[in-house]
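> The following comprises the amino acid sequence and a computationally predicted model.
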Amino acid sequence: MSLTKPRPDYPKWFSVEIANRMLPLVRAIATDIFEQQELVDTLAQRLQRLTGEKKPSKRTDADYTDEIKEFRRELDLERAKLMGFKHEASRLGIIAREPAGHFDFPTLIDGHNAELCWILGEPEVLYWHHVDDPISARKPLVAEAGTNTENGASEHRWSSDNQ
């Protein structure tokens, strides 16, 4: 399956603010992916048990062959749905990662390529990691108070937590 390029109306690099504004849509996609991944895993386990079982004497090889073929068809369909949900995130410019429900938003932090990291269930984007780092390497974002804007709200510059 060939994935198309991200939509041109979404940024190549996400700010924390933009990523957080997109979270209602991303949460819906994340929930779909999480639930679909659970279904795919369940079907794959059932198929594995079926193909590994010893056949009771009353069933024929043809019965098992048909049942296995049907499970494989169903599993293929459900995997295609899962890929469709991941494709939807990709079109937004967001990367759906493993485990299901983990999403990365490409960004620049301290002038370097990085990814804002969000996991289903978190209230907002609060973490980041270097490109290609595992989820276990994510670090908290740190906001540095900036100058006041015209409307009185303070601006923030997001950077890595240099511990």
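Received, thanks. Residues are numbered from 1 along each chain as shown.

> Provide the secondary structure category for Leu108.
Look at Leu108: counting by DSSP: H, G, I helix; E, B strand; the rest coil, its state is strand.

> What's the per-residue pLDDT of it here?
Per-residue confidence (pLDDT) for Leu108: 89.

> before we move on, what about Glu74?
Listed pLDDT for Glu74 reads 92.

> ok, now Thr31?
94.

> What helix or strand is the most centrally placed residue in the chain located in?
With distances taken as Cα atoms, centre = their mean, Ala96 lies nearest the centre of the chain, 2.6 Å away. Per DSSP states H and E, Ala96 falls inside strand 95-97.

> tell me the mean pLDDT for that strand?
For strand 95-97, mean pLDDT is 91.

> got it, and stretch 126-134?
Here the average pLDDT along stretch 126-134 is 92.

> right, and the helix or strand after the top helix by length along the chain?
Taking DSSP state H as the assignment, the helix of the chain that covers the most residues is helix 16-52. Next helix or strand after helix 16-52 toward the C-terminus (DSSP H and E): helix 61-91.

> gap between that next one and the chain center?
Relative to the chain's own centre, helix 61-91 is displaced by 19 Å; criterion: Cα atoms, centre = their mean, to the nearest Å.

> got the buried residues for it?
By 16 or more other Cβ atoms under 10 Å, the buried positions in helix 61-91 come out as Phe71, Leu75, Glu78, Arg79, Leu82, Met83, Phe85, Lys86, Glu88, Ala89, Ser90. Every C-beta, even on glycine, is put in place using the N, C-alpha and C of the backbone.

> what's the angle from that helix to helix 16-52?
Going by axes from the mean of the first three to the mean of the last three Cα atoms, to 10 degrees, helix 61-91 is angled at 170 degrees with respect to helix 16-52.

> Helix 61-91 packs against which elements?
Counting contacts by 3 or more Cβ pairs under 8 Å, 6 or more residues apart in numbering; DSSP states H and E, helix 61-91 packs against helix 16-52, strand 95-97.

> quick revisit: can you mark which positions in the longest helix of the chain are buried?
16, 18-20, 22-23, 26-27, 29-30, 32-34, 36-37, 40, 43, 47.

> repeat for stretch 103-114
For stretch 103-114, using 16+ other Cβ under 10 Å, the buried residues are Phe103, Asp104, Phe105, Pro106, Thr107, Ile109, Ala114.

> Fine, thanks again, bye for now.
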